[in-house]
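**Q** Build me a model:
(chains A and B)
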Amino acid sequence: MSEKSKFDKVSDLAFRRGLYFPSAHIYSDSLAGFWDYGPLGVTLKRRIIDLWRKTIVKRDEMLEIDGSQILPESVFKASGHLQSFVDPLTECKDCRVTFRADRLIQRRLEKLIPEALPSKELDSLILKNGIVCSECGGELSKVFKFNMMFRFSAGPKLGNQVALRPETCQSIFLDFLRVYKTMRVKLPIGIAQVGKSFRNEISPRRNLIRLRELTQAEIEIFFNPKNIESFTKFDQIMDVTLRFLLVNDQELELTAEEAVKKKIVQNKLVVYYLVLLKQFYELVGINPQNIRYRELHDEERPFYAQSAWDLEIKTSLGWLEVVANHYRTDYDLKVHSKGSKTDLMILDNGEKIIPWVWEDSMGIDRTLFVALDAAYTEEKKRIFLKLPNYLAPIQVAVFPLVAKDGLTEKARTLYDMLKVEFDTFFDEKASIGRRYYRVDEIGVPYAVTIDYDTLKDETVTIRDRDNKEQIRIKVGGLKDWLKLRLNFIPPNQ
RNA sequence: GCGGUUGUCGUCUAGUUUGGUUAGGACGUCAGCCUGCCACGCUGGUGACCCGGGUUCAAAUCCCGGCAACCGCACCA
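**A** Below you'll find the predicted structure:
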């Protein structure tokens, strides 16, 4: 038996079948943290996003936008990223080990050190308290700030400083007022966006897990905090159970209703969206026992969040953060209102307010990984992806039983009939068994085989990926049979 | 970003210690034969020394630099 970890096996499968692979890899100076999706990966990613649209965005009547990836620096000055999306670092002059300066001082002095403290003050704290390298006792360098945004200039003049957005949501805040005014909506309203974000990570690792260019699907819910008790959608989900890991390390499983009553979560609105996300990941194929919400400690929380929950999924790598959820209050609209000198207040039931914001920030690349990780199945020598039908990149394979006696031609005709409506794959090469195994590995749920009976009575066999069982149906009914089983249909429809 | 280890066909790998090979094999893949339902078999083909520089008559092999991967540390909105 191979000693490979499951993560390696899943990664190997993804490379071998071209789901994703390192970007610009034919060049020897290709960069870590940038990955390309191949044909199957693109389709899988698209299906994950489509599922998100159906089960969250559309279910909740959210509005979707698509904002620029490049934004002027003033946006990030106002949002706080210019100042706070940085790590204050110091390194040992002897052994070159790097430390987070604020955390190092905090640990040594056992008192809270604000992350945003100027470098000079951190320097003097290090000096005054005689703090040295915790590894070798060497002297520490001056504190320097590392900003994780990619910054450059747009246009021919150097003056127009811009940055690649480090999170997609800033566009949602910038566009909020226009969307609100043009779409005739009222609070609470969700604005959603899926797109790329960019972070200059110090050390990207483990292929899709930590990227410098990543795809996020983000939702910002704008609401009036005064009206939170009358949030009626809560009634739809109050009995759903959620697992929590609290800052005091307590683990518990509660219904949404209990979580609100016991004040584990802020309010009904927050828990409603936590439930929607949990249900989404169950549809991605994750066992509910492997989904939990972890409460973030004060020092883990981003600067804009009053409280934060990470949706974590237990994978072959251990618990992995897949969605970051933040209670952003009125922070964002306030700072952009001030930064842009634009009044972002709106009229809600006759009252002028700045809406508050609840955010769900989903990592799509990580979601794709957890989907693969959960779907990966070994059964004797057979490897197959037990993906839900509506996520499978290739939905149906068409095979002639043998490549002779007109079976290939018949199969081709059938393939042509299906290929536009479904993601279909045709293969006549090698034995039928080998062809089944090939498509198992990429999670094709159904294989349609044309045999000698097809020529006589227009029937085909459909072979099921998971149990290898076959049924025989009329060609005429094939499309409807597939349609019924391949599309995602919400439970209440 | 620091330290350690490692880079050979799509994948796994032999060869590197001790410089000289048509760089070998397996799986995959392609062509053909075979094949009446779960990785059959046979024949043939395709396909690699991470990149750059140095040493040498000669470099996959030794040296230096870069890049990447893995592990540990640090970091991680």
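**Q** Helix or strand: which one has the residue in the stretch 101-250 of chain A that RNA strand B sits nearest to?
**A** Here the stretch 101-250 of chain A gets closest to RNA strand B at one residue, A:Ser203, 3.6 Å apart by C-beta to the nearest atom of the strand. All C-beta atoms are positioned from the backbone trio N, CA, C, and that covers glycine. For A:Ser203, there is no enclosing helix or strand under DSSP states H and E.
**Q** Please give me every residue in contact with it.
**A** A:Ala32, A:Arg210 (C-beta atoms under 8 Å, 6 or more residues apart in numbering).
**Q** how about it, phi and psi?
**A** phi -140, psi 90 (degrees, to the nearest 10).
**Q** From A:Leu418, how far out is it?
**A** Here the distance between A:Ser203 and A:Leu418 works out to 45 Å (C-beta to C-beta, to the nearest Å).
**Q** who touches whichever residue of chain A sits closest to RNA strand B in this structure?
**A** At 1.9 Å from RNA strand B, A:Phe85 is the closest residue in chain A, using C-beta to the nearest atom of the strand. Neighbouring residues of A:Phe85 by C-beta under 8 Å, 6+ apart: A:Phe76, A:Asn147, A:Met148, A:Met149, A:Pro166.
**Q** Please apply the same query to A:Thr43.
**A** With C-beta under 8 Å, 6+ apart, A:Thr43 has these contacts: A:Pro393, A:Ile394, A:Asp423.
**Q** where's it relative to A:Ala411, distance?
**A** 22 Å.
**Q** same thing with A:Arg485?
**A** From A:Arg485 to A:Ala411 the distance is 21 Å (C-beta to C-beta).
**Q** now A:Arg100
**A** Distance from A:Arg100 to A:Ala411, by C-beta to C-beta: 61 Å.
**Q** what's the answer for A:Lys456, then?
**A** Taking C-beta to C-beta, one finds A:Lys456 at 15 Å from A:Ala411.
**Q** Compare the two (neighbour count), which wins?
**A** Neighbours per residue (other C-beta atoms under 10 Å) separate A:Lys456 from A:Ala411, with A:Ala411 holding more: 24 against 8.
**Q** Remind me which helix or strand that one belongs to.
**A** helix A:407-418.
**Q** does RNA strand B sit close to the helix or strand following that helix?
**A** Sequence order places strand A:424-426 as the next helix or strand after helix A:407-418, per DSSP H and E. No. Strand A:424-426 is not in contact with RNA strand B by C-beta under 7 Å from any atom of the strand; minimum separation 11.3 Å.
**Q** quick one: strand A:424-426 to chain centroid distance?
**A** Here the centre of mass of C-alpha atoms in strand A:424-426, compared against the chain's by C-alpha atoms, centre = their mean, to the nearest Å, lies 29 Å away.
**Q** Strand partners (parallel or antiparallel) of that strand?
**A** Applying DSSP bridges, strand A:424-426 is found paired with strand A:396-400 (parallel).
**Q** and chain A, what are its domains?
**A** A:6-77+A:165-374, A:86-147, A:394-486 (automatic domain parsing).
**Q** Just the terminal-to-terminal distance for the longest one.
**A** Taking C-alpha to C-alpha, to the nearest Å, the span from the opening residue of domain A:6-77+A:165-374 to its closing residue is 10 Å.
**Q** Next: stretch A:292-310.
**A** 8 Å.
**Q** which residues sit in contact with A:Tyr376?
**A** A:Lys6, A:Lys9, A:Val10, A:Leu13, A:Ile383, A:Leu385, A:Lys386 are the contacts of A:Tyr376 under C-beta under 8 Å, 6+ apart.
**Q** and if we set it to 10 Å?
**A** The contact partners of A:Tyr376, by C-beta atoms under 10 Å, 6 or more residues apart in numbering, come to A:6-7, A:9-10, A:13-14, A:316, A:383-387, A:441, A:443.
**Q** Can I have the buried ones of those as a ChimeraX selection?
**A** Restricted to buried positions by 16 or more other C-beta atoms under 10 Å, the ChimeraX selection for these reads:
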select /A:7,9,10,13,14,316,384,385,386,387,443
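**Q** Check the contacts of A:Tyr376 one by one and keep those near RNA strand B.
**A** A:Ile383, A:Glu441.
**Q** quick check, nearest of the contacts of A:Tyr376 to A:Ile354?
**A** A:Ile354 lies nearest to A:Leu387 out of the contacts of A:Tyr376, by C-beta to C-beta, at 42.9 Å.
**Q** these two touch, right, that closest one and A:Ile442?
**A** Yes. Counting by C-beta atoms under 10 Å, A:Leu387 touches A:Ile442, with 8.9 Å between them.
**Q** shared neighbours, these two?
**A** By C-beta under 10 Å, 6+ apart, the residues touching both A:Leu387 and A:Ile442 are A:Leu44, A:Pro393, A:Arg465.
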